[in-house]
Structure formats: structure tokens, C-alpha cells
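A.B. asks: Sequence and predicted model, in that order:
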Amino acid sequence: MSDSTPHDTPAPPFGGRSRSELGRIVVPEDELLGRVAALGKEITADYADRPPLLVGVLKGAFLFMSDLARHIDLPVELDFMAVSSYGSATKTSGVVRIIKDLDTDLTDRHVLIVEDIVDSGLTLAYLRKNLAARNPATLEVCSLLVKEGLQKVDPDLRYVGFRIPPVFVVGYGLDVDECYRNLPYVCEYAEPDR
Ligand code: 5GP
């Protein structure tokens, strides 16, 4: 497994909400795109003889999943799950609710979970257990971001985009109260009372 080190520069302006909420850029756009392309190449090589079923975790992983899939040179299938673990707060509750389940039967499939970010790891632990019970041939995880030092147990990630400091981030799929998902980079969310 390989990953890259994020940058630490101020975020450029963004329309709509007060841009004072946006803090430093944690992963700039060019690094995101480069790393996603590299992950796609790695996955293409690893799954050459067994095309994977990509399971995207909505909503946060939608941009990552879309870019990643275009860099996998295999006949992949895509499906999505929507789970809720945060509501509008920025701390995990540990309670995970399935809002939308998969359409696909996972029996004997090579399943690759595509996650936006692993924080405490509770959401992923729940998902892994839930999907493993559906008898896939293999079950691996690709997470764009992992927060350093916050997981109580090893989240066992086959692919990682970037390891980042334990700060709350938005952009490239990640939101706060449904905003900022369309930022093309990942930056710190810096609202003073959070
Ligand atoms: P965990 O269960 O690992 O603590 O949290 C995983 C989920 O919480 C992620 O899939 C994501 O939806 C949300 N999350 C965790 N950290 C962040 C963050 O820094 N920013 C945003 N926007 N969401 C986060």
C-alpha cells in the first residue's frame, strides 16, 4: 500500500457560503487527480483476472468513485450504498444506519468498498461486517482519506489515497451540512465554534 503526503496552503475563494469557513487546503486538486489515477492503475493490475464490483459509499464517495472508475481499465460494475453515521454534527455517533442498500447480490463477487474518509473507523467496521455476511469472494477497501491516529483498531485498508491530520475536512465529495461537496480540492473546515 502506498500513499502521499498532503500540502498545507491556504484555500482559494469559494462562492456561496462564507469562505471564512474554509481553512487550509489539505489535498490540492492536482494531487487528488494524480493519486486517484495511480490508485486506478494499481486496482487495474490487482484485479486483472477478476473484475471488481465497486461499492461506493454515498454521498461522500461519489466524486472519488466517479474519477476512480474512469482510471480502472477493466469491465467493473458499480453499485452504491448510502449510510448515515454523522447527521450534521462533525463527530461520529458510532450508530450507522443504512439509508440505501445495494441492488447487487454480492455472492462470489470481488467487492471493493470505495470510501471517502476513515475517521474513527466505526462506519467502515460496520459496513465490512455487513457486506462480509453476504458471501463475497473477496472484500477489500479503498479509502481516499484516512485520518492519522484515530482508529482504535486497524481498519485494514487495501488502498489509501492520502493520510491526513485529524482535522475536519470538506470538498471532493465531503460536506458540512450538505455544502462544499463540489469543491475540487480537500480543505480544512474552520468554523470557529466547531
Ligand atoms: P468514522 O465512522 O470513520 O468515524 O466516520 C466515517 C464517516 O464520517 C465518513 O464516511 C464521513 O461521512 C464522515 N466523516 C468523517 N470525518 C469527516 C471529515 O473530516 N469531514 C467530513 N465532511 N465528513 C467526515
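C.D. replies: Great, that's in hand. Residues are numbered from 1 along each chain as shown.

A.B. asks: Just want the phi and psi numbers for the residue nearest to Glu148 when sequence neighbours are not counted.
C.D. replies: Excluding its sequence neighbours, the residue lying closest to Glu148 (C-beta to C-beta, 6 or more residues apart in numbering) is Arg163, at 5.4 Å. C-betas here are computed from N, CA, C, even on glycine. Torsion angles at Arg163 (phi, psi; degrees, to the nearest 10) stand at phi -100, psi 130.

A.B. asks: what's the answer for the one 10 residues further on, then?
C.D. replies: Gly173 has phi and psi values of phi 100, psi -30 when expressed as degrees, to the nearest 10.

A.B. asks: The one 3 residues further on now?
C.D. replies: For Val176, the backbone dihedrals (degrees, to the nearest 10) come out as phi -130, psi 120.

A.B. asks: what about Asp105, neighbour count?
C.D. replies: By the criterion of other C-beta atoms under 10 Å, Asp105 has 11 neighbours.

A.B. asks: Excluding residues flanking it in the chain, which one is nearest it?
C.D. replies: Distance criterion C-beta to C-beta, 6+ apart; nearest residue to Asp105, sequence neighbours excluded, is Arg134 at 7.6 Å.

A.B. asks: which residues does the one you found contact?
C.D. replies: Asp105, Leu106, Thr107 (C-beta atoms under 8 Å, 6 or more residues apart in numbering).

A.B. asks: now Gln151
C.D. replies: Val118, Ser120, Gly121.

A.B. asks: That one is in what secondary structure piece?
C.D. replies: Using DSSP states H and E, Gln151 is not contained in any helix or strand.

A.B. asks: per-residue confidence at it?
C.D. replies: pLDDT recorded at Gln151 is 75.

A.B. asks: what about it, distance to Val186?
C.D. replies: Separation of Gln151 from Val186 (C-beta to C-beta, to the nearest Å): 19 Å.

A.B. asks: so after the longest helix along the chain, what's the next helix or strand?
C.D. replies: When the chain is parsed with DSSP state H, its longest helix is helix 29-46. Using DSSP H and E, the helix or strand that directly follows helix 29-46 along the chain is strand 53-58.
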